[in-house]
Structures are given as C-alpha cells and as structure tokens.
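Engineer: requesting a structural model of the entry that follows:
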Amino acid sequence: MKNTLSIIALRLLSACAGTKNETVISPYSPGNAGYSALVYGLPQTRLYFEVEIVKTYVKKGPYAEFAARMLGIQDAPLKDSESWQIASIRIFDKQEVDNRQLYALSFIDYPSNLDRLLRFTKEGILMDLSTDHVLINSRHTGSNSGDIHFMNAVVKSTVVEKVDTVYKTVLTDTAFVKIPLLQRKITGKSVEEQAREMAEQIFDLRKGRLNIITGNIDHSIDGHAMKQVLEAFDTQEEQLLSLFNGVKVESRFVHTYSALPENTGVTPLFWFSEKNGIVSQNTAGAKEVWYRTGEVQIPPQNKPSQASNIVYYRIPQIVEISAGIDKNVIISKMKDIYQFGHIVSFPLLAPKK
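Structural biologist: Numbers count the residues shown, from 1 in each chain. Model (predicted):
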C-alpha cells in the first residue's frame, strides 16, 4: 500500500480547531481548510529520454589516390565526409506532483497512521513542472573535426635528382654529328613519389615484424621487450596507413528530453538528419524521432467531491512506452503512468480524544 500511495506532501496549514473529531478531504483551493490541514497532490509520471547521437567525421589521407595501386586498399575514402546516427535511446521516469489534483485533508488531531499510509517528499513543497518534450540537458564527448592531424611523414629526401640526356650537334670535317650530353636537375618529389616511399616504409615495417616474430634477427629479444617492439611497429604502421586510408573520428552527444504523457499515440521529440544531426522539421531528409504511449483506457481526471474520513490516491496504469526514429523502434519499456490511473479512496480514521 505504501508504494501505491505515492502521494507528495506540499505544505502544512494551521488554522483554528473545529468541533468534530474527524478528517475532511476536499479539492484544494485557498481558504478551504477550516481545521489544521495537510495539502497534498496526487502523483503523475514524467518521462525522460536520453538520446546518444554519434557524429563520425572522416578525413581523407593525403595519398588516398594511391591506396589501391600501392597497398591494395580498395575502400579508402577519396574525400572528407561527415555523418550522424542515433546510437541509443534510454527511457527513465520520475514521479512528481500533479498540480491539477491537489487536496486539503483537514483534521482536529493529526491521524496517527497517516505517516504509514502516505509517502512525503523531504522538501514538502510543490515541485516546478517543465514544459512538455523539451531539451533539458546536453553533453558532448570526443574530438572535434578540427583536431585531426596526420603524422609527419618522414621522407628520406624531399628532392630528387633527375638526369636527362640531351644532344648537342657538332660539325666535324665530314658531317654534322649529335653528341649525347647528361644534364642533371634537382626537383621536388611529386606526391606519387612521396606516396611510394611511404608504401615502401609500410612494407619494411611488415617485413621487420615478421623477422622478429620468426626469430630471423641477429640477436634475441625477450618476451616483454618483444611485446613493446611489436606494439611500436603496429603504432607506426597504423599512422603510415592513415596517410592512405584516412582518419575517422567519432564524437558522442547525449541529449535528454522531458515528456509528460497526456494521451496515447505518437508524440514527436525532435527531427534528425544523417547529414546534419538534430535539425528543424522542414530540413530536407529530416526524420522524426518520437515516443509512443501504448493503448490504455484513460479514466476521467475530474476531482472527487468533499468527503469525510477518507484519503484519495491514484493507482497507476502499466503502459508500454517506446521510442524510435521514422518507422524504426529503438527501445520499448513498460512504465507506471500515474496520470493514466484511477483515483480511488481508502478509509482514514482520526484517533478519538
């Protein structure tokens, strides 16, 4: 019974004592408590949807065009890209006072069993209510796309010496003769030449790793040292490979939305785009992120009339709450929804003097 009577105390009013040794309950309005009175409200359920959104940023490598030809990497990205997806949705609930269902319980003597029947908040005051399905919290983890840096590629030399053969025509005693001459020029390495050198370093690393694993080296390496050397090889190879297949960075955003169910059916939370994340409804390609309240019979929420020696409380209904995007359901939970419940009463007898 204590769990069912999730009734929230608001404040204790004091007035002149009456003449009858009984409790009187009535819908609360200022000035309607003739005795000492306890003003309380029936509970309602507020839902919280914690949505985790992942932003994936891919930056192409400077040598992406040569990944397939030099390393056999077939799916290296050839341009920078950004994409968003909803990773998960979690549903929480919290009971709060329904300020549309406030009651004044008037009495001469405080009922001795009242504390065992009702569950009060520590503050004993009416809690503020938020607007329906609005963003109430947001946090971000991960790197920004501007923080992406490629390793400093170590090229043996940034220039290359090229030797061209040119011919000089010389007049001899009998005829004109072309004499070959070697002409040397120093030029900067092309992007393709730099890429080839990086690819050669990758193959050298793989060959060196294989030699260490198979023992094809001049000196032995113990187990711990071998582990560290191999890890260093792996790290360097991964950095070199990123010059060809790019770098992928994920950032995670957690947004929490509040919703107060009033009716069954689907209610939108926000709009989402795989290209831009959270957007407005009229954005091209935007999809609706929603929550759905399962079908139940919701009783009328009229306030009962004044009565003696009873307390009103509310029995919640168990309702399926689901959330998803577009036509896809991501999560479904069964929740106690108090505002969909029936208002009933039980006897409360004040002790006699």
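
Engineer: how near is residue 203 to residue 231?
Structural biologist: 19 Å (Cβ to Cβ, to the nearest Å). Using the backbone N, CA and C atoms, a C-beta is placed for each residue, glycine as well.

Engineer: one more: residue 309?
Structural biologist: Going from residue 309 to residue 231 by Cβ to Cβ gives 77 Å.

Engineer: who's more crowded, those two?
Structural biologist: Between residue 309 and residue 231, counted using other Cβ atoms under 10 Å, residue 309 has the larger neighbour count: 15 against 10.

Engineer: got the buried residues for the biggest strand by length in the chain?
Structural biologist: When the chain is scanned for its longest strand (criterion: DSSP state E), the result is strand 81-107. Of all the residues in strand 81-107, those buried under the rule 16 or more other Cβ atoms under 10 Å are 84, 86, 89, 91, 95-98, 101-107.

Engineer: would you map the helices across the stretch 151-300 of the chain?
Structural biologist: Along the stretch 151-300 of the chain, the stretches classed as helices by DSSP state H, counting those that start in this stretch are 191-214, 223-245.

Engineer: run through the bridge partners of the closest residue to residue 97 other than its chain neighbours.
Structural biologist: Spatial nearest neighbour of residue 97, chain neighbours left out: residue 41 (3.8 Å); criterion: Cβ to Cβ, 6 or more residues apart in numbering. On the basis of DSSP bridges, residue 41 is bridged to residue 8, residue 102.

Engineer: who touches the nearest residue to residue 205 once chain neighbours are set aside in this structure?
Structural biologist: Once flanking residues are discounted, residue 205 sits nearest to residue 237: 4.9 Å by Cβ to Cβ, 6+ apart. Contact partners of residue 237, counting by Cβ atoms under 8 Å, 6 or more residues apart in numbering, are 202, 205-206.

Engineer: can you name the next helix or strand after the worst-scoring helix or strand of the chain on mean pLDDT?
Structural biologist: Between all helices and strands in the chain, the lowest mean by mean pLDDT, DSSP states H and E belongs to strand 8-13, at a mean of 45. Remark: after strand 8-13, the chain's next helix or strand is strand 24-27, criterion DSSP states H and E.
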